[in-house]
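**Student:** my questions concern the predicted model and sequence given below.
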Amino acid sequence: MSKKNDKPLAGQRALITGGSSGIGAAIARAMAEAGARVAVNHLSAPEAAHSVVDAILANGGKALAIQADVSQAAQVKAMFQKVIQTWGSLDILVTNAGIQDDAPFTEMTLSQWEKVLAVNLTGQFLCAQEAVKSFLHRGIVPELSSAAGKIICISSVHDIIPWSERVNYAASKGGLLMFMKSLAQEVAHQKIRVNAISPGAIRTAINRAAWETPDAEAALLKLIPYERIGETLDIARAAVWLASDASDYVIGTTLYVDGGMTLYPAFRAGG
């Protein structure tokens, strides 16, 4: 196997927001294994972020932890400045940070609505804007990548599947779908690739109640044609591929990594 295939992200610099746990942590580790230097963003979990960094360092990689609230413009700017000051530039942005704050529609407060939209959608805008500016300033470095930069928006199957009592979350992900496509359309001619990954049911702490007991897991599996719950590594592998030159002709695409959840499995038997 060639060195390029063995380390498809060799020499590149990646920033993963919400990288201290779950899907973000798995992506950080996988990109480091693929040769990238990785900045692990967190909001309020320094120990968890440093644990991810330590694991990467122990495996021979390079990483650093950065605290920032992605919904705050000044903090986002400072985060990008730290990455660029440390490693000279940025090649890959994975906008993974996201939250839920669920409530029945008539009980959902304006604060709950605004908080989820601020992180899940405005945070994507702020981080992507800083990344695009950085990519355009540097341009293409052929020995690193065919593209000037890559942005991977981590979304959810709920960008197309409605979700009762979570209208703020579903609206943020539906908005992200069109944000990603519009941005991809705008910057593709500048050799910046923007894509998204929409995970289905992934085995993480945030949704532990949905899979922790046999009964809960059985109920969840009815929604998944492939009949297994996804692992964070499933998303991490997809992210490495989207960040690599192996996907160089993939622009403005959402990759649904969901075991078939978006195929509406209830209709398999006629609805």
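**Tutor:** Here it is on my side, so go on.

**Student:** OK, contacts around Ile23?
**Tutor:** Taking CB atoms under 8 Å, 6 or more residues apart in numbering as the contact definition, Ile23 lies against Asn96, Ile154, Pro199, Ile202, Thr204, Thr232, Ile235, Ala236. Bear in mind the C-beta positions are built from the backbone N, C-alpha and C, glycine included.

**Student:** which of the residues you listed has the largest number of neighbours?
**Tutor:** By neighbour count, taken as other CB atoms under 10 Å, the most surrounded of the contacts of Ile23 turns out to be Asn96 (29 neighbours).

**Student:** Leu15 is in contact with that residue, correct?
**Tutor:** No. Between Asn96 and Leu15 no contact is recorded; they are 10.0 Å apart, counting by CB atoms under 8 Å.

**Student:** helix or strand for the closest residue to Ser21 other than its chain neighbours, which one?
**Tutor:** Leaving aside its chain neighbours, Ser21 sits nearest to Ala48 (5.4 Å; criterion: CB to CB, 6 or more residues apart in numbering). Under DSSP states H and E, the secondary-structure element containing Ala48 is helix 46-58.

**Student:** for that helix, packing partners?
**Tutor:** Using 3 or more CB pairs under 8 Å, 6 or more residues apart in numbering; DSSP states H and E as the contact definition, the elements that helix 46-58 packs against are helix 22-33, strand 37-42, strand 63-67.

**Student:** would you mark the buried spots in that helix?
**Tutor:** By neighbour count with 16 or more other CB atoms under 10 Å, helix 46-58 contains the buried residues Ala48, Ala49, His50, Ser51, Val52, Val53, Ile56.

**Student:** among these, which pair sits farthest apart?
**Tutor:** When the buried residues of helix 46-58 are compared pair by pair using CB to CB, the two farthest from each other are Ala48 and Ile56, 13.3 Å apart.

**Student:** give the buried residues for the longest helix seen in the chain.
**Tutor:** Ranked by number of residues, the top helix in the chain under DSSP state H is helix 167-187. By neighbour count, and taking 16+ other CB under 10 Å as the criterion, the buried residues in helix 167-187 are 167-177, 179-181, 183-184, 187.

**Student:** ok, back up a step: would a markdown table of the helices and strands packed on helix 46-58 with mean pLDDT and distance to Arg208 be doable?
**Tutor:** Below are the helices and strands packed on helix 46-58 laid out as a markdown table (pLDDT from 0 to 100; distance: least, CB to CB, whole Å):
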| stretch | mean pLDDT | distance to Arg208 |
| --- | --- | --- |
| helix 22-33 | 98 | 11 |
| strand 37-42 | 98 | 20 |
| strand 63-67 | 98 | 24 |
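
**Student:** so for Phe135, which of the ones you listed sits nearest?
**Tutor:** Nearest to Phe135 among the helices and strands packed on helix 46-58 is strand 37-42; the distance by CB to CB comes to 15.4 Å.

**Student:** counting contacts, what elements does that closest one pack onto?
**Tutor:** In this structure, strand 37-42 packs against strand 13-16, helix 22-33, helix 46-58, strand 63-67, helix 73-87, with contacts taken as 3+ CB pairs under 8 Å, 6+ apart.

**Student:** adjacent strands (with direction) for it?
**Tutor:** As defined by DSSP bridges, the strand partners of strand 37-42 come to strand 13-16 (parallel), strand 63-67 (parallel).

**Student:** let me know the average pLDDT across the first one.
**Tutor:** In this model, strand 13-16 carries a mean pLDDT of 98.

**Student:** likewise stretch 244-257?
**Tutor:** For stretch 244-257, the mean pLDDT works out to 98.

**Student:** buried set for that stretch?
**Tutor:** With burial defined by 16+ other CB under 10 Å, the residues of stretch 244-257 counted as buried are Ser244, Ser247, Ile251, Gly252, Thr253, Thr254, Leu255, Tyr256, Val257.

**Student:** the third one: what's it in contact with?
**Tutor:** The reference is to Ile251. Under the criterion of CB under 8 Å, 6+ apart, the contact list for Ile251 reads Ala184, Ala188, Arg193, Val194, Asn195.

**Student:** any idea how far Ala148 is from it?
**Tutor:** 13 Å (CB to CB, to the nearest Å).

**Student:** then the last one?
**Tutor:** As judged by CB to CB, Val257 and Ala148 stand 26 Å apart.
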